[in-house]
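Trainee: When you get a sec, could you give me coordinates for this:
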Amino acid sequence: MTHFEWDQALETSCEPIDTRHESLFNIASGLHKIAEQNPQDQDAITEAVYGVVGSVVDSFREEEALMREYDYPGIDRHRTLHRRLAADVLDFAAHYLYGEDLEPAQLAFLVEKWLRRHILRYDMRMVAFIEHAKSARWAVESPRSRA
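Mentor: Numbers count the residues shown, from 1 in each chain. Got it, this is the predicted structure:
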């Protein structure tokens, strides 16, 4: 498998989360391609860096809302992990945008590597809990809806 290639092994079975994860891979891939193929196009690179930052923040917000909805017991640890990556991404972006000599492709690799590890270690567990909670909720609510 090459970098930035979406892998079915990363699918959690939760469509909104998988869609967001795949989108993050694509956005990181886009930044990497621009940085490698057209390193002089600072406007495109800057736009791609902002895209990575925005997508990471949006993804985490949506995922955390889902965890709150289903009272996921690991939300505090999960949120801490999200905040650490968001801080790293924002820090990298700030240093890059203020002219430090950083390779923008490094940001793409940071996000891609973190996502792979995070999905397999944490998101799979979280989605399994949510799927179980959904089933339990459906079983409790279903008889009432039939009455």
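
Trainee: and after the lengthiest helix in the chain, which helix or strand comes next?
Mentor: Determined from DSSP state H, the single longest helix within the chain is helix 42-69. Note on helix 42-69: by DSSP states H and E, the next helix or strand toward the C-terminus is helix 75-97.

Trainee: and the angle from that next one to helix 42-69?
Mentor: Orientation of helix 75-97 against helix 42-69 (axes from the mean of the first three to the mean of the last three C-alpha atoms, to 10 degrees) gives an angle of 170 degrees.

Trainee: what's the closest non-adjacent residue to residue 89?
Mentor: The shortest distance from residue 89 to any non-neighbouring residue, by C-beta to C-beta, 6 or more residues apart in numbering, is to residue 56 (5.2 Å). Heads up, the C-betas are built off the backbone N, CA and C, glycines and all.

Trainee: Verify the stated contact: residue 114 with residue 85.
Mentor: Yes: with contact defined as C-beta atoms under 8 Å, residue 114 reaches residue 85; the gap is 5.3 Å.

Trainee: How many residues are close by the residue nearest to residue 89?
Mentor: For residue 56, the count of nearby residues is 24 (other C-beta atoms under 10 Å).

Trainee: ok, now which ones touch residue 36?
Mentor: With contacts defined as C-beta atoms under 8 Å, 6 or more residues apart in numbering, residue 36 is in contact with residue 105.

Trainee: Just the buried residues of the helix or strand harbouring it, please?
Mentor: Using DSSP H and E, residue 36 sits in helix 15-37. Neighbour-count burial for helix 15-37, counted by 16 or more other C-beta atoms under 10 Å, picks out 17-18, 20-21, 24-25, 27-32, 34-35.

Trainee: what's the answer for stretch 86-96, then?
Mentor: Using 16+ other C-beta under 10 Å as the test for burial, stretch 86-96 gives 86, 89, 92, 93, 96.

Trainee: hang on, the earlier thing: as TSV, the buried residues of helix 15-37 with distance to residue 48 and pLDDT would be great.
Mentor: Formatted as TSV, the buried residues of helix 15-37 follow (distance: C-beta to C-beta, whole Å; pLDDT from 0 to 100):
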residue	distance to residue 48	pLDDT
17	23	94
18	22	95
20	18	94
21	18	94
24	13	94
25	14	93
27	8	94
28	9	93
29	10	93
30	6	93
31	4	93
32	9	93
34	5	93
35	8	91
